[in-house]
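*Asks:* what would the 3D arrangement of this be:
(one chain, ligands or ions: 1)
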Amino acid sequence: MPKAKGIAIIAHDGKKAEMIAFMKDHAALFQNTKLVATGTTGQYVEQTGLKVKKLLSGPKGGDAQIASMVAEGKLQAVIFFRDPLGKHPHEPDVQMLMRLCDLHNVALATNPSTARLMVKGLEAETLPEA
Ligand SMILES: O=C(CO)COP(=O)(O)O
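*Replies:* Purely as a prediction, here's the structure:
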């Protein structure tokens, strides 16, 4: 049987609180999903009680690690709450990640509204009907 693909979780600092609220709202789905996250985001996700594999912090290469997983076909979706008002030293890594999602047709949500719609679709596929 093919290995189940994971979901990557990333949030810029200005969006981490929103990300955590989002993860709690959809805990039923995320409990049954392999989660991977950039380092600091992962620490926050762990505080919700969800299991998550933590990679490097974003500015130290975490986004690039997730981009590599996208290229290798290991992820079904990337949820990346970006802060459009912040300045990020690793912006080239962020651009690379988004480019590889488009190249490999991997679902990418960069704000909570899109993430909500994405998760609705994933829930319809994976959760048993109530
Ligand atoms: O910088 C990030 C995304 O570009 C997020 O990294 P952290 O989760 O380590 O804060």
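*Asks:* so which residue of this protein comes closest to the ligand?
*Replies:* residue 58 (2.1 Å; CB to the nearest ligand atom). Using the backbone N, CA and C atoms, a C-beta is placed for each residue, glycine as well.
*Asks:* I figured that residue hits residue 39, correct?
*Replies:* Yes. The pair formed by residue 58 and residue 39 meets the contact definition of CB atoms under 8 Å, at 7.3 Å.
*Asks:* looking at those two, which is more packed in?
*Replies:* residue 58 (27 against 16; other CB atoms under 10 Å).
*Asks:* now do the contacts for the more buried one.
*Replies:* The neighbours of residue 58, taking CB atoms under 8 Å, 6 or more residues apart in numbering as the test, are 10, 12, 38-41, 88, 90, 93-94.
*Asks:* up against the ligand, what does this structure have?
*Replies:* 10, 12, 38-41, 57-59, 62-63, 88, 94 (CB under 6 Å from any ligand atom).
*Asks:* restricted to buried residues, select these in ChimeraX.
*Replies:* Buried subset of these, written as a ChimeraX selection, criterion 16 or more other CB atoms under 10 Å:
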select :10,12,38,39,40,41,57,58,62,63,94
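*Asks:* and residue 21, that's in a helix?
*Replies:* Yes. Residue 21 forms part of a helix when assessed by DSSP: H, G, I helix; E, B strand; the rest coil.
*Asks:* check which residues of the longest helix seen in the chain are buried.
*Replies:* For the chain, the longest helix by residue count, based on DSSP state H, is helix 112-126. By 16+ other CB under 10 Å, the buried positions in helix 112-126 come out as 112, 115, 118-119, 122.
*Asks:* helices or strands next to it in the packing?
*Replies:* Applying 3 or more CB pairs under 8 Å, 6 or more residues apart in numbering; DSSP states H and E, one finds that helix 112-126 contacts helix 16-25, helix 27-31, strand 75-81, strand 107-109.
*Asks:* got the angle for the helix or strand of the chain with the lowest mean pLDDT vs helix 16-25?
*Replies:* Every helix and strand in the chain was compared by mean pLDDT, DSSP states H and E; the lowest is helix 112-126, with a mean of 92. If you take axes from the mean of the first three to the mean of the last three CA atoms, to 10 degrees, helix 112-126 sits at 20 degrees to helix 16-25.
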